[in-house]
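Q: coordinates only, no sequence provided:
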């Protein structure tokens, strides 16, 4: 009984700690697109190339969010 309650509490705490990574991802996505806006303002002729780099950076940053979410679900539903 007490072991089960402690396990449930540990699972919830672990999943909550995994979601802290989502705050970093939000900041990272904001940084990627703010850098895009600044770069296009400085050199509008490179818009296509800079946008491609921004989408690549967005995809890598979003992958971190998906990994964090996957870890939270693994912690919640596998133990």
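A: Alright, I've got the coordinates. Just so you know, these numbers come straight off a predicted model, no measurement behind them.
Q: packing partners for the helix or strand harbouring residue 9?
A: Using DSSP states H and E, residue 9 maps to helix 2-18. Other elements packing on helix 2-18 under the criterion 3 or more CB pairs under 8 Å, 6 or more residues apart in numbering; DSSP states H and E are helix 47-78. Backbone N, C-alpha and C define where each C-beta goes, glycine included.
Q: which positions in the helix it packs on come out as buried?
A: 50, 54, 57, 61, 65, 68, 69, 71, 72, 75 (16 or more other CB atoms under 10 Å).
Q: out of those residues, which is nearest to residue 32?
A: Nearest to residue 32 among those is residue 57, at 4.3 Å by CB to CB.
Q: check the gap between the closest one and residue 49 for me.
A: Taking CB to CB, to the nearest Å as the measure, residue 57 falls 13 Å from residue 49.
Q: ditto for residue 55
A: For residue 55 relative to residue 49 (CB to CB), the value is 11 Å.
Q: spit out the contact partners of the spatially most central residue of the chain.
A: Closest residue to the average C-alpha location of the chain: residue 65 at 2.7 Å, with CA atoms, centre = their mean. Listed by CB atoms under 8 Å, 6 or more residues apart in numbering, the contact set of residue 65 reads 21, 22, 25.
Q: sorry, back to before: would you list the buried residues of helix 47-78 in JSON lines and tack on distance to residue 10 and pLDDT?
A: Below are the buried residues of helix 47-78 laid out as JSON lines (distance: CB to CB, whole Å; pLDDT from 0 to 100):
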{"residue": "50", "distance to residue 10": "45", "pLDDT": "96"}
{"residue": "54", "distance to residue 10": "39", "pLDDT": "96"}
{"residue": "57", "distance to residue 10": "35", "pLDDT": "95"}
{"residue": "61", "distance to residue 10": "29", "pLDDT": "94"}
{"residue": "65", "distance to residue 10": "23", "pLDDT": "94"}
{"residue": "68", "distance to residue 10": "18", "pLDDT": "93"}
{"residue": "69", "distance to residue 10": "19", "pLDDT": "93"}
{"residue": "71", "distance to residue 10": "14", "pLDDT": "93"}
{"residue": "72", "distance to residue 10": "13", "pLDDT": "92"}
{"residue": "75", "distance to residue 10": "9", "pLDDT": "91"}
